[in-house]
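Visitor: Quick one: sequence and predicted model below, then my questions.
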Amino acid sequence: MTNVPPSVGNLRGAVDLSSLVNRPPAGAVPGGGAAPGQAGAVPVPSLILEGTDANFSQILELSMAVPVVVDLRAEWCEPCKQLTPVLERLVTEFGGRFILATVDVDANPQLAQAFQAQSIPTVAGVIGGQPVQLFAGALPEAQVRDVLQRLLELAAQHGVSGVAQPADGDAPAAEAEAPAEPELPPHHRAAYDAIDRGDYATAISEYKAALASDPRDQMAVAGLAQVNLLARLQGHTLDAIRNAAASAPQDLDAQLLVADLDLSGGHVQDAFDRLLQLFPTQDPAGKNRIRERLLEYFEVVGTDDPRVAPTRARLAALLY
């Protein structure tokens, strides 16, 4: 059977979270295989590359040695004009610890489709040739920096820790020091450590403790939603989840779990639509479970995700 995929990320705003279930051994590259030794200086033409449908296979090769951040944008997009300069500053600030690939989605529709760019700007990562969904929209620079730091931590876990050495001299890559990681509150740090161990029960307890201390802690709300999703998927296989849902279309538990699988694999709108279509067929208790699950999904993908507002409106119409 096909297992729920191995680790490719635990980033706020990421939705490929099923990847944390059944983690591979340390040093494995996402998608299988061992990392062939990715430390040291890696010669590149520049820290900022133009990604196209034609040349992206070469950028994928670079991602075996250095993490790649992909900025999917368009010339007419005003938020893109805010975000791209932030990413360009940060690629220099991080001193070659990642490469930035900018992609014009109008000129490169295959890449836009491959990265599931339903809106722009969309930012993704590539580690060892495998994509990691990061975020959509023009986030503040501090949040972008935090996401990039998490991406680098993830890359290091998979042995992809080279430093890009640009031929154009646009960054002192070999000598750069990594930015200091923001200090996490104790319960958040304990939750992250538990997630790294695959101990989702402890992570859930830590996030609940953080919320008991401060019910307005939105990072804890989002973290708890993500870990709940991981815990529900842990130990299951793709085939088993989908077969159970197909054979029992009226089984609410089976349908909720396949929606979890959709969301975790990046099929956000499919997960939303599945639950909204199921909603009218349920009794009041079932409708409440679906409502709670959708509210949790909103936290997983980020309440500012452009797919959340219309889905929230559809849910409200069904409720009232």
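Guide: Received the coordinates, thanks. These figures come from a predicted structure and were not determined experimentally.
Visitor: roughly how far apart are the residue of the chain most remote from its centre and residue 101?
Guide: Within the chain, the residue lying farthest from the chain centre (CA atoms, centre = their mean) is residue 283, at 33.7 Å. Distance of residue 283 to residue 101, computed by CB to CB, to the nearest Å: 50 Å. In short, each C-beta sits where N, CA and C put it, glycine included.
Visitor: quick one on the thing from earlier: and the residue farthest from the centre of the chain, backbone torsions?
Guide: With angles defined as degrees, to the nearest 10, residue 283 shows backbone torsions of phi -80, psi 170.
Visitor: Tell me how far it lies from residue 289.
Guide: Where residue 289 is concerned, residue 283 sits at a distance of 10 Å (CB to CB).
Visitor: And stretch 189-204, what's buried?
Guide: Neighbour counts over stretch 189-204 (16 or more other CB atoms under 10 Å) mark 190-192, 194-195, 199-200, 202-204 as buried.
Visitor: What is the distance between that stretch and the centre of its chain?
Guide: On the basis of CA atoms, centre = their mean, to the nearest Å, the separation between the geometric centre of stretch 189-204 and that of its chain is 17 Å.
Visitor: measure residue 203 to residue 189 for me?
Guide: Summarising the geometry, the distance separating residue 203 from residue 189, computed by CB to CB, is 11 Å.
Visitor: From the buried residues of stretch 189-204, which land in strands?
Guide: The subset of those located in strands under the criterion DSSP state E is empty.
Visitor: what's the closest of those to residue 139?
Guide: Of all the buried residues of stretch 189-204, residue 139 sits closest to residue 192, with 20.0 Å by CB to CB.
Visitor: how far away is the spatially closest residue to the closest one that is not a sequence neighbour from residue 56?
Guide: The shortest distance from residue 192 to any residue that is not its chain neighbour, by CB to CB, 6 or more residues apart in numbering, is 6.7 Å, and that residue is residue 184. Spatial separation of residue 184 from residue 56 under the definition CB to CB is 34 Å.
Visitor: between those two, who's got more neighbours?
Guide: Using other CB atoms under 10 Å as the criterion, residue 184 and residue 56 rank with residue 56 on top: 20 against 13.
Visitor: What values do phi and psi take at residue 98?
Guide: phi -150, psi 160.
Visitor: burial measure for the nearest residue in space to it that is not next to it in sequence, as a count.
Guide: Spatial nearest neighbour of residue 98, excluding adjacent residues (CB to CB, 6+ apart): residue 67 at 4.4 Å. Counted with other CB under 10 Å, residues neighbouring residue 67 total 27.
Visitor: Quick check: residue 67 vs residue 93, distance?
Guide: 15 Å.
Visitor: so residue 242 touches residue 257, yeah?
Guide: No. Checked against CB atoms under 8 Å, the pair residue 242 and residue 257 is beyond contact range at 9.5 Å.
Visitor: Show me which of these two is the more surrounded one.
Guide: Neighbour count, other CB under 10 Å: between residue 242 and residue 257, residue 257 has more, with 19 against 16.
Visitor: I'd guessed the more buried one sits against residue 236; true?
Guide: Yes. In this structure, residue 257 is within contact of residue 236 by CB under 8 Å, at 7.2 Å.
Visitor: Domain map for the chain?
Guide: Using automatic domain parsing, the domains assigned to the chain come out as 17-175, 186-319.
Visitor: Make CSV out of those and add mean pLDDT.
Guide: Formatted as CSV, the entries for those read as follows, by pLDDT from 0 to 100:
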stretch, mean pLDDT
domain 17-175, 78
domain 186-319, 89
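Visitor: right, so the ones you listed: which one is the most enclosed?
Guide: Mean neighbour counts were compared across the domains of the chain using mean count of other CB atoms under 10 Å; the top stretch is domain 17-175, at a mean of 19.
Visitor: now it: how far from the chain's centre is it?
Guide: How far domain 17-175 lies from its chain's middle: 12 Å, per CA atoms, centre = their mean.
Visitor: Stretch 274-289 too?
Guide: 27 Å.
Visitor: From the rest of the structure, what touches it?
Guide: Identification of contacts with stretch 274-289 by CB atoms under 8 Å, 6 or more residues apart in numbering yields 250, 252, 255-256, 258-259, 262, 290-291, 293-294, 297, 311, 314-315, 318-319.
Visitor: can you give me the strands in the stretch 101-250 of the chain?
Guide: For the stretch 101-250 of the chain, the strands defined by DSSP state E, counting those that start in this stretch cover 122-127, 130-136, 163-166.
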